[in-house]
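Peer 1: coords below, sequence missing:
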Ligand code: FBP
């Protein structure tokens, strides 16, 4: 056994709080049949067996049925790590054991690939107890293999049958839950006798809707980033000599950047969705930030903080068009990776449309190259590799130098760069995530027990005390629409981007001018696991404002 820190030992004893509806036997109450968010006819045709199912809500069962026979369940962690994954698994374990103590849980290793390659372990109580309330996905590992081929489904079925597994729980983001839905449909269509249940994971916070109020991990990760940004702001306000350009993870949507801005009140925060809505160019963004730098310099404040969402590049309309064309070009050029760097560049420039070729050529070479590097298995540009924080500070430095030459700016500009992502993905879950994740896993056991397949575990009412949370299941097809991926139209879960009419953005927009010029930094400090509820159990600002907080 590995040695444990004092906090690890104390934290292991934390008992996550379950919604009261899940405290004993439950019954599922069916809501209305559902529809997909868009493209209903196409999605219905692709998912004839799992489309249109009703929402499910669990209530205490006053007349529990007689004992349920033991059953076996498989679990997969898919995609990027997010704090709380271990609690989903411990909740699932406790949930199936509460239904029948002889039920068993198998974990497939290193993501969906473990199912296809038949790599697994049985998760026993001694293993589970080692991981309760801890961050990370190391209990079974994670991976990004995309489950989409019939061959993979059949290979998976072989091991599921061998282990007599009745249901598979896939803990993942939008792409992984899309795969969960495709697998559920396939197994149902083939009468395989295997249910598939998804759980909403991602620090990015973009897997949410009316029924899935937040993905797990967002709360903890943003608290970690906000702590560190707060510390940087104290440093910056002490030394008063640097502008800190801080890129924050979040592949596409800007929820993480927005949440951190609400927690720390930086001098500037870019919200990609606003950049797109206002049809801004890279030069517009640079000019806006440079104007804040110049204005603060007039007050003698040659320091500040700028938050940059990781996915920014893809939201600048001209860049978005370029990336879309690049995605299609790379998808139909399988030998691209075998070309030399120079050949790749000239191939891209000669193959793109004239407008996009011009933009590609105008980018710093390093950034242009990063746009052509390997896609992830879902065909996405790996935006975490693009150093937008450096790109922006360089361009701002140039603009300020021009303004200085023209007598329009008198300050000093020195930049520091940071990228926060991996620092928060495996933190020990906050009390919110510890409770939420445990409830999601426990609830998944109940979804299995009531025969559901193609559902996502849903726990709602999340700004209320956890005993009042509402537990149930949402058909995954309900969240789907058709999108272009790897050059083809595919059914996928619609990503939730920052809503510019939503309360969190509006709260930010109301205050940002003051934050820009005055130094209004907030210092959230580290996550607290023990102490008064107002210090330890606060949900994210995003959730708080979304649910009517003032
Ligand atoms: P998921 O969507 O799988 O949860 O991953 C989120 C994320 O952390 C993004 O914020 C980031 O762009 C990406 O993973 C990085 O992934 P990797 O470490 O695999 O390159």
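Peer 2: On my side now, so go ahead. Since the model is a prediction, treat every value here as computed from it, not as a measurement.
Peer 1: before we move on, which element is the nearest residue to residue 458 once chain neighbours are set aside in?
Peer 2: Nearest non-adjacent residue to residue 458, counting by CB to CB, 6 or more residues apart in numbering: residue 474, 4.7 Å away. Any C-beta I mention is one placed from the backbone N, CA and C, and that applies to glycine too. Assessed by DSSP states H and E, residue 474 sits inside strand 470-475.
Peer 1: Report the contact partners of residue 320.
Peer 2: Neighbouring residues of residue 320 by CB atoms under 8 Å, 6 or more residues apart in numbering: 276, 314.
Peer 1: Could you do the one 5 residues further on as well?
Peer 2: For residue 325, the residues meeting the contact criterion (CB under 8 Å, 6+ apart) are 352, 353, 356.
Peer 1: so where's the stretch 51-200 of the chain shaky on pLDDT?
Peer 2: Residues of the stretch 51-200 of the chain meeting the criterion pLDDT under 70: none.
Peer 1: Near the ligand, which residues of the stretch 51-200 of the chain? Just list them.
Peer 2: 79, 80, 82, 173 (CB under 6 Å from any ligand atom).
Peer 1: what would the residues you listed look like in a markdown table with secondary structure and neighbour count?
Peer 2: Formatted as a markdown table, those follow (DSSP: H, G, I helix; E, B strand; the rest coil; neighbours: other CB atoms under 10 Å):
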| residue | secondary structure | neighbour count |
| --- | --- | --- |
| 79 | coil | 25 |
| 80 | coil | 24 |
| 82 | coil | 35 |
| 173 | coil | 26 |
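Peer 1: nearest to residue 48, of those residues?
Peer 2: The shortest approach to residue 48 among these belongs to residue 173, at 25.4 Å (CB to CB).
Peer 1: before we move on, back to that, buried sites along the helix or strand following the strand holding residue 474?
Peer 2: Note on strand 470-475: by DSSP H and E, the next helix or strand toward the C-terminus is strand 480-485. Residues 480, 481, 482, 483, 485 are the ones in strand 480-485 that count as buried (16 or more other CB atoms under 10 Å).
Peer 1: Just give the nearest non-adjacent residue to residue 351, would you?
Peer 2: residue 329 (5.6 Å).
Peer 1: again, but for residue 145
Peer 2: Nearest to residue 145 is residue 113, by CB to CB, 6+ apart, at 3.9 Å.
Peer 1: now what about the strand or helix carrying the one you found, what contacts it?
Peer 2: Secondary structure from DSSP H and E places residue 113 in helix 112-116. Here helix 112-116 makes contact (CB under 8 Å, 6+ apart) with 74, 76, 78, 107-108, 119-120, 140-141, 143, 145-147, 152, 155-156, 159-160, 168, 170, 176, 179.
Peer 1: Can you list which of those are found in strands?
Peer 2: 74, 76, 107, 108, 120, 168, 170 (DSSP state E).
Peer 1: Around the ligand, which positions in the stretch 201-350 of the chain sit nearby?
Peer 2: Within the stretch 201-350 of the chain, the residues that sit near the ligand (CB under 6 Å from any ligand atom) are 201, 202, 203, 204, 249, 250, 251, 310.
Peer 1: Please pick out the residue of this protein most distant from its centre.
Peer 2: Largest separation from the mean C-alpha position in the chain: residue 407, at 44.8 Å (CA atoms, centre = their mean).
Peer 1: ok but that one is inside a strand, no?
Peer 2: No - Residue 407 is assigned coil when assessed by DSSP: H, G, I helix; E, B strand; the rest coil, not a strand.
Peer 1: Any chance of a markdown table for the residues of the stretch 201-350 of the chain next to the ligand, columns secondary structure?
Peer 2: What follows is those, written out as a markdown table (three-state DSSP):
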| residue | secondary structure |
| --- | --- |
| 201 | strand |
| 202 | coil |
| 203 | coil |
| 204 | coil |
| 249 | coil |
| 250 | coil |
| 251 | coil |
| 310 | coil |
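Peer 1: Lowest-confidence member of these, which is it?
Peer 2: Within the set of these, pLDDT is lowest for residue 251 (86).
Peer 1: Can you give me the separation between it and residue 203?
Peer 2: Separation of residue 251 from residue 203 (CB to CB, to the nearest Å): 10 Å.
Peer 1: So the two - more neighbours on which side?
Peer 2: residue 203 (32 against 25; other CB atoms under 10 Å).
Peer 1: sorry, back to before: helices or strands up against the strand holding residue 474?
Peer 2: Packing contacts for strand 470-475, counted by 3 or more CB pairs under 8 Å, 6 or more residues apart in numbering; DSSP states H and E, involve strand 26-33, strand 54-60, helix 431-449, strand 455-460.
Peer 1: what's in contact with the shortest one?
Peer 2: Identification of contacts with strand 455-460 by CB under 8 Å, 6+ apart yields 19, 53, 55-56, 169, 177, 180, 197-200, 211-213, 436, 439-441, 443-444, 447, 469-476, 479.
Peer 1: Give me the distance from that strand to the chain's centre.
Peer 2: Its chain's C-alpha centre and that of strand 455-460 lie 16 Å apart, by CA atoms, centre = their mean, to the nearest Å.
Peer 1: In the sheet, which strands lie alongside it, parallel or antiparallel?
Peer 2: strand 195-200 (parallel), strand 470-475 (antiparallel) (DSSP bridges).
Peer 1: taking those together, which one is wrapped up most tightly?
Peer 2: Comparing the strands paired with strand 455-460 by mean neighbour count (mean count of other CB atoms under 10 Å), strand 195-200 comes out on top with a mean of 31.
Peer 1: Give the next helix or strand downstream of that one.
Peer 2: Next in line after strand 195-200, if elements are assigned by DSSP H and E, sits helix 218-239.
Peer 1: buried set for that next one?
Peer 2: 218-230, 232-233, 236.
Peer 1: How far does that helix sit from its chain's centre?
Peer 2: Mean-position distance between helix 218-239 and its chain equals 20 Å (CA atoms, centre = their mean).
Peer 1: Starting from whatever helix or strand comes next after that helix, tell me which strands it pairs with and how they run.
Peer 2: Downstream of helix 218-239, the next assigned helix or strand under DSSP H and E is strand 243-248. Strand 243-248 has the following strand partners under DSSP bridges: strand 304-309 (parallel), strand 415-420 (parallel).
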